[in-house]
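Undergrad: Sequence plus the predicted model coming up.
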Amino acid sequence: MFHVITGLIGLYVIWRFVWPLAWPRTARLLLAALVLLAAEHHLVTRNFFGTMASPEVPAAVLMALGWAFGALILLALFLLAKDVAGLLLSVFSRARGRALLSCPRLRAGFAAAALALSAVGLWQAVRVPDVKTIEIALPGLPPAFDGFRIVHLTDLHASRLLQADWMEAIVARANALEPDLTLITGDLVDGTPEARAADVLPLRNLRAPQGVIAIPGNHEYYAEYLGWLKAFEQLGLRMLLNEHVAIERDGQRLVLAGITDSAASRVGQPLPDIAAAMAGVPPSAPVILLSHRPVGAARHAQAGAALQLSGHTHGGQILGPHLLTQWANEGYVSGMYQVGGMQLYVSNGAGLWNGFPIRLGRPSEITRIVLRARPPA
């Protein structure tokens, strides 16, 4: 379905931008072929250079393909907005509507803007993210945990695009925050343990007195999931798979629970099970739930979680079209939400899938969370 959609986008750009150009037919056919190649480059990399999730080609090639694909998507959005505006204007003035629909200068301007914005978006996507600090007051948080510092990482997506040096910078920035605990909510990798061995190695240097706890995201299931579980264990990551663990301070407890991802169904592994993750949790203990996807938050709130940390959405990646990502994730896309008696924080993530490496107005982040004990009402 993904390739059908991108193919239709490519054909739309050919119809509304390429073919109306006042160029020789041969030149337009060549440009049309390049547009289709940009639209369907995932098919080529999937079939000849690895997988769709992890094409094993040089980073420079991935950047060039990402820039071209991003420009294609942006140009299609600009053209669609112009065509809708032109059709609406035609209701009131047919001549003005037709002029807007066929304006060659506007099409050229859109193309230039799409190419430039895609370059900016690519840089925003691959740079080392800034730190975002938030304070969260949790009901029932024991006084010993007031001021407890958590670094939340998600959607690292180690790949040929985001390699070991990028991961080293992420780890250094996270450690510099001196967290009490580091949490990773999935999509750490793209590719096999063998292909990504060097790229994930810096994760072994994450440091926090209460440890580093993680859960899988959907991308962990795309290549040798069980192999990744073993690799994460060797890196010192404590994986929570439909289970929980308690940490103590001055004899007081905070519970961390984690669930798997629904992509587990593709490899016959356990599906997310909030009941199993919460089984045996003391009723008085506040629970921080790690769930890669924000969906299901209402159910998790009913199960007794006080705070859910998620990623997966990448913040929608592009301001405006991010509303589609929000719609696809039960209304959750970025930032803090109140879901019943539970708070939900959805991080924009540190990295992203190399097949669409564009961010515009939805910046990547490393999240520093400071817990506060909520005073009694």
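TA: Ah, there it is.
Undergrad: From now on I want contacts and neighbour counts done on CA atoms only, so please keep to that.
TA: Will do.
Undergrad: Just the buried residues of the lowest-mean-pLDDT helix or strand in the chain, please?
TA: When the helices and strands of the chain are scored by mean pLDDT, DSSP states H and E, helix 94-102 comes last with a mean of 86. For helix 94-102, burial by neighbour count (16 or more other C-alpha atoms under 10 Å) applies to 97, 100-102.
Undergrad: Tell me the first helix or strand C-terminal of that helix.
TA: Per DSSP states H and E, the first helix or strand lying C-terminal to helix 94-102 is helix 104-126.
Undergrad: residues in contact with that next one?
TA: 17, 21, 63, 66-68, 70-72, 74-75, 78-79, 161-162, 351-352, 357-360, 363-364 (C-alpha atoms under 8 Å, 6 or more residues apart in numbering).
Undergrad: ok so, going back, can you spell out which helices and strands pack onto the least confident helix or strand of the chain?
TA: helix 59-92 (3 or more C-alpha pairs under 8 Å, 6 or more residues apart in numbering; DSSP states H and E).
Undergrad: Can you mark which positions in the helix it packs on are buried?
TA: 59, 62-63, 65-79, 82-83, 86-87, 89-90.
Undergrad: Can you name the residues that contact G186?
TA: Per C-alpha under 8 Å, 6+ apart, neighbours of G186: 154-156, 214-220, 292, 311-312.
Undergrad: switch to 7 Å and redo it
TA: Residues near G186 by C-alpha atoms under 7 Å, 6 or more residues apart in numbering: 154-155, 214-217, 292.
Undergrad: From D273, how far out is the closest residue in space to it that isn't next to it in sequence?
TA: What sits nearest to G186 in space, not counting adjacent residues and going by C-alpha to C-alpha, 6 or more residues apart in numbering, is G217, at 3.9 Å. To D273, G217 is 14 Å away according to C-alpha to C-alpha, to the nearest Å.
Undergrad: These two - which one has more neighbours?
TA: More crowded of G217 and D273, by other C-alpha atoms under 10 Å: G217, with 28 against 17.
Undergrad: any idea how far R374 lies from L162?
TA: 39 Å.
Undergrad: higher neighbour count, those two?
TA: Using other C-alpha under 10 Å as the criterion, R374 and L162 rank with L162 on top: 23 against 15.
Undergrad: Now do the same contact list for that one.
TA: V126 are the contacts of L162 under C-alpha under 7 Å, 6+ apart.
Undergrad: Before we go further, it is sitting in a helix, right?
TA: No: read with DSSP: H, G, I helix; E, B strand; the rest coil, L162 is coil and lies in no helix.
Undergrad: Would you mark the buried spots in the host helix or strand of I247?
TA: Here I247, judged by DSSP H and E, is contained in strand 243-249. Residues of strand 243-249 classed as buried by neighbour count (16+ other C-alpha under 10 Å): 243-245.
Undergrad: With distance to V35 and pLDDT as added columns, please give the residues you listed in a markdown table.
TA: Output for the buried residues of strand 243-249, formatted as a markdown table (distance: C-alpha to C-alpha, whole Å; pLDDT from 0 to 100):
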| residue | distance to V35 | pLDDT |
| --- | --- | --- |
| E243 | 47 | 97 |
| H244 | 49 | 97 |
| V245 | 51 | 97 |
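Undergrad: now, which of these sits nearest N329?
TA: Closest to N329 out of these is E243 (23.6 Å), distances taken as C-alpha to C-alpha.
Undergrad: what sits opposite that closest one in the beta ladder?
TA: G258 (DSSP bridges).
Undergrad: how about it, what does it touch?
TA: 257-259, 276-278 are the contacts of E243 under C-alpha under 7 Å, 6+ apart.
Undergrad: Just the buried ones from the residues you listed?
TA: 257-259, 277-278.
Undergrad: got any ranges where this protein has weak pLDDT?
TA: By pLDDT under 70, the low-scoring segments of the chain are 375-377.
Undergrad: what about the strands in it?
TA: Here the chain has its strands, by DSSP state E, at 130-138, 149-153, 181-185, 212-215, 238-239, 243-249, 252-258, 287-290, 307-310, 335-339, 342-346, 365-373.
Undergrad: center of this structure, which residue is that?
TA: H314 (2.9 Å; C-alpha atoms, centre = their mean).
Undergrad: phi, psi of the nearest residue to it once chain neighbours are set aside?
TA: Nearest residue to H314, sequence neighbours excluded (C-alpha to C-alpha, 6+ apart): N348, at 4.3 Å. The phi and psi torsions at N348 (degrees, to the nearest 10) take the values phi -70, psi -10.
Undergrad: give the contact list for A39.
TA: 6-7, 10, 69.
Undergrad: do S93 as well
TA: Counting by C-alpha under 7 Å, 6+ apart, S93 has no contacts.
Undergrad: and the gap between it and A99?
TA: 10 Å.
Undergrad: doesn't T313 make contact with S347?
TA: No: counting by C-alpha atoms under 7 Å, S347 does not reach T313; the two are 8.0 Å apart.
Undergrad: Tell me which residues of stretch 32-46 come out buried.
TA: In stretch 32-46, counting by 16+ other C-alpha under 10 Å, buried: 32, 34-42, 45.
Undergrad: which of these lies closest to E233?
TA: T45 (30.4 Å).
Undergrad: How about the closest one, nearest residue that isn't a chain neighbour?
TA: P55 (5.6 Å).
Undergrad: count of neighbours near the one you found?
TA: 24.
Undergrad: and the gap between it and S159?
TA: 8 Å.
Undergrad: before we move on, what about A172?
TA: In terms of C-alpha to C-alpha, A172 sits 19 Å off from S159.
Undergrad: who has more neighbours, these two?
TA: S159 (27 against 16).
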